[in-house]
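J.: Structure of the sequence below:
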Amino acid sequence: MPPMSKRIRSAYARLVPAGALILAPVLSSCGGGGPAPSPATPSAAASEEAWRALATPRPEPLAGAPRVAVGALMLLDDPWKLNSPVDLSLGLSELVVTGLLRRRDVVLVERRRFAAAAERERRGLPRAPGSPPAGVSPGAEFVLSGTWARLGLDSAYLELRLTDVQTGTVAKTWRAATANDADPVALARTVVGSLLSALDAMGRRPAWADPHPEAAPPGYRPSGIPPAAVAAFLRGLAAEERWAWEGARRAYEAAIKAGGGAFFEAASALARTARLRMGGTLGAS
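T.: Modelled structure (predicted):
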């Protein structure tokens, strides 16, 4: 599979001229007298056609795929110093969310933003400007949560658990070792990979041949995704949290550009943003 589909490449081609740097910031002069950017510059808003091309459908889940929501994934340390516009624990959770969103053997159930939107609708409050409707959620069977902590100078561990939503009991707990200097994407992929192993042990995951097995390795391994790509992903998340669709698109595209075709989570986040922007709901997108 190529790192980017023809539909997305063609959408990019409509947004930027050949040879231009995608998403390069446009700085106005202090005097304010500079020319406004033309529609062909990298700062131009995406056309409706381009948004439709980016809004690729969610993968169709396999029969029997467990429905999993992602709860709090807490970081007890911050070795990266990314100057993130969002809390890094939220950033890690969303890297896991977008890692699960691309899969067919697990149904990712949006929990955090869906619950907030559904509560507003229940109370008869208006939606925030630009925000999508809550829609209908399939409901989660399990909630994944946990913590990451560095122990000394040479070890670090993820302590993870799956909680059964119906009974409220912890269905499974496990520990996954990581490097002490694990990069954020590698950490998120270790969470996803170890979750799959836990679901296998419970007999709850249907067989699926992942075309990108490196997105969910069975054990920790560095991701190779550079800090600049992660920082762009976090900017995209911050914009998406404000329902600022153009800002989210530009930042996620910058993350893909900096991380290359191997940054699967950024591609999933970009498609999700486009689906929500094009009329999707939090429960289904």
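
J.: element containing the residue positioned nearest the centre of the chain?
T.: Among the residues of the chain, the one closest to the centroid is residue 98, at 3.2 Å (CA atoms, centre = their mean). Residue 98 belongs to helix 88-101 when assigned by DSSP states H and E.

J.: Pull the residues that contact that helix.
T.: Residues outside helix 88-101 that contact it (CB atoms under 8 Å, 6 or more residues apart in numbering): 58, 68, 70-75, 78, 80, 82, 84, 106, 108, 110, 112, 144, 148, 184-185, 187-189, 191-192, 195, 215-216, 230, 233-234, 237, 264-266, 268-269, 272. Just so you know, the C-beta spots here come from the backbone N, C-alpha and C atoms, and that holds for glycine as well.

J.: Could you pick out the buried ones from these?
T.: Buried members of the contacts of helix 88-101, scored by 16 or more other CB atoms under 10 Å, are 58, 68, 70-71, 73-75, 80, 82, 84, 106, 108, 110, 112, 144, 148, 184-185, 187-189, 191-192, 195, 215-216, 230, 233-234, 237, 264-266, 268-269, 272.

J.: Now do the helix holding residue 98: distance to the chain's middle.
T.: Helix 88-101 sits 5 Å away from the centroid of its parent chain (CA atoms, centre = their mean, to the nearest Å).

J.: what comes up buried for that helix?
T.: 88-101.

J.: With only the CA atoms kept, save stretch 109-129 in PDB.
T.: What follows is stretch 109-129, C-alpha atoms only, in PDB (Å, rounded to 0.1, in the frame of the first residue of the first chain):
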ATOM      1  CA  VAL A 109     -15.900   4.000  20.400                       C
ATOM      2  CA  GLU A 110     -15.500   7.700  20.900                       C
ATOM      3  CA  ARG A 111     -16.100   8.400  24.500                       C
ATOM      4  CA  ARG A 112     -14.700  11.700  25.800                       C
ATOM      5  CA  ARG A 113     -16.100  14.100  23.300                       C
ATOM      6  CA  PHE A 114     -19.200  12.100  22.600                       C
ATOM      7  CA  ALA A 115     -20.200  12.100  26.200                       C
ATOM      8  CA  ALA A 116     -19.700  15.900  26.500                       C
ATOM      9  CA  ALA A 117     -21.700  16.600  23.300                       C
ATOM     10  CA  ALA A 118     -24.500  14.200  24.300                       C
ATOM     11  CA  GLU A 119     -24.800  15.800  27.700                       C
ATOM     12  CA  ARG A 120     -25.100  19.300  26.100                       C
ATOM     13  CA  GLU A 121     -27.900  18.000  23.800                       C
ATOM     14  CA  ARG A 122     -29.700  16.300  26.700                       C
ATOM     15  CA  ARG A 123     -29.700  19.700  28.500                       C
ATOM     16  CA  GLY A 124     -30.900  21.500  25.500                       C
ATOM     17  CA  LEU A 125     -27.800  23.600  25.200                       C
ATOM     18  CA  PRO A 126     -26.600  24.900  21.800                       C
ATOM     19  CA  ARG A 127     -23.500  23.300  20.200                       C
ATOM     20  CA  ALA A 128     -20.300  25.200  20.200                       C
ATOM     21  CA  PRO A 129     -19.600  27.000  16.900                       C
END
